[in-house]
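J.: predicted coordinates and the sequence they were generated for:
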Amino acid sequence: MKEELERLFAEALEKLKGAVEERQVAEIKAEFLGKKGKITALLRGLVNISQEQRPVMGCLANEIKISLEEKIKESLEVIRERKRKEYLLHESLDITLPGRRVPIGRKHPITEVCNEIIGIFLGLGFQISEGPEVELDYYNFEALNIPKDHPARDMHDTFYISDEVLLRTHTSPVQIRVMEKQSPPIQIIAPGKAFRCDSDVSHTPMFHQVEGLMVGDNITFGDLKGILTIFVHQMFGDKTRLRFRPSFFPFTEPSAEVDMQCVICRGKGCRVCSFSGWLEILGSGMVDPEVFKIVGYNPNEITGFAFGLGIERVAMLKYGINDIRMFFENDMRFLGQF
Ligand code: DAH
């Protein structure tokens, strides 16, 4: 039996030497070690040999089985390594082929202009505040001195969610939220989205505003004019002239709308400015004492100014765009120009 085992082992090794494919190795394994394999069959014959011989033979058979299994494993590894090398040798990359172009995204012009506006006001010492887009009627109207029956509510085509909840129609409610939390001095801007049920060449249901608020001792209309003049000069060039026109907002007294010289015709008169030479860019005024009372400030001790400007309006003037809806159609031919 011993000789037979050794002969089978030698035979298996001889066959393994000739194997060049994994499949052949598997066949050899089945031939010798499989259920019906030659070595397996021989081991079954152990029951027929004498008691004393059995353990010796069993031990030897086991050793041969283990070392054959090892040899099989080795030859599999050799085959795999050879295949890998062959594959690497034939695989080649043509690095001179032209690549595929990946289009590069860029910032939306509204984001771009908004960041520019923020940059100017940060430079003037303002800090940035934020408020919710889904707002309470109280902050959007009531606390801004616009009670339920006030005619000024007519100017706002409000999206109501319920009687008391709405989409904010302007960024002015942030003024109230800031003053409720902080005490003067306050010097903030609040950029963000606003919503009104309105759509034509100069209105979209969603648009962007930047609110400004400066409150403290002896803040005057002169400060308002100074800050807004610096802003317009930095945004549109320092030759741009400004005009403060009396107006009305329930939360400021006095109120003013600010016009700047038409950027297209430089004040001579053209279609963009309706031949007036001026373009309206923002609303502003001195914070109404009623608003100070609502947030618990003493109107005899402090004063302040506020303003609100439309970002789309600034972007349209800066880039000479005459239809606000272009910003939100996501036409790549339009957006790619900025
Ligand atoms: N909230 C106003 C609007 O959307 C704009 C405005 C006017 C804001 C005067 C102000 C202000 O802060 O003082 O029409």
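T.: Everything's here; your move. Numbers count the residues shown, from 1 in each chain.
J.: got the residues of this protein near the ligand?
T.: When proximity is defined by C-beta under 6 Å from any ligand atom, the chain lies next to the ligand at 170, 172, 211, 249, 252, 283-285, 306-308. For glycine as for every other residue, the C-beta is placed from the backbone atoms N, C-alpha and C.
J.: run the last query once more with 5 Å
T.: Counting by C-beta under 5 Å from any ligand atom, the chain comes close to the ligand at 170, 172, 249, 252, 283-285, 306, 308.
J.: could you list the domains of this protein?
T.: Domain segmentation of the chain under automatic domain parsing yields 2-90, 109-335.
J.: just to revisit the earlier point, who wins for most neighbours among the residues of the chain next to the ligand?
T.: S172 (28 neighbours; other C-beta atoms under 10 Å).
J.: run a quick neighbour tally on Q337.
T.: Residues lying near Q337 (other C-beta under 10 Å) number 9.
J.: where do the strands sit along this structure?
T.: Listed in chain order, the strands found in the chain under DSSP state E are 127-128, 134-136, 165-167, 186-195, 206-216, 242-249, 252-261, 278-287, 303-310.
J.: for the fifth one, buried residues please.
T.: Within strand 206-216, the residues that qualify as buried by neighbour count (16 or more other C-beta atoms under 10 Å) are 207-215.
J.: now these as a markdown table including pLDDT?
T.: A markdown table is the format used below for the buried residues of strand 206-216 (pLDDT from 0 to 100):
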| residue | pLDDT |
| --- | --- |
| F207 | 96 |
| H208 | 97 |
| Q209 | 98 |
| V210 | 98 |
| E211 | 98 |
| G212 | 98 |
| L213 | 98 |
| M214 | 98 |
| V215 | 98 |
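J.: need the max-distance pair from these.
T.: Farthest apart among these by C-beta to C-beta are F207 and V215. That separation is 25.9 Å.
J.: the helix or strand of the chain with the lowest mean pLDDT packs against which elements?
T.: Of all helical and strand segments in the chain, the minimum by mean pLDDT, DSSP states H and E falls on helix 38-44, at a mean of 85. Under the contact criterion of 3 or more C-beta pairs under 8 Å, 6 or more residues apart in numbering; DSSP states H and E, helix 38-44 touches helix 2-18, helix 22-33, helix 53-90.
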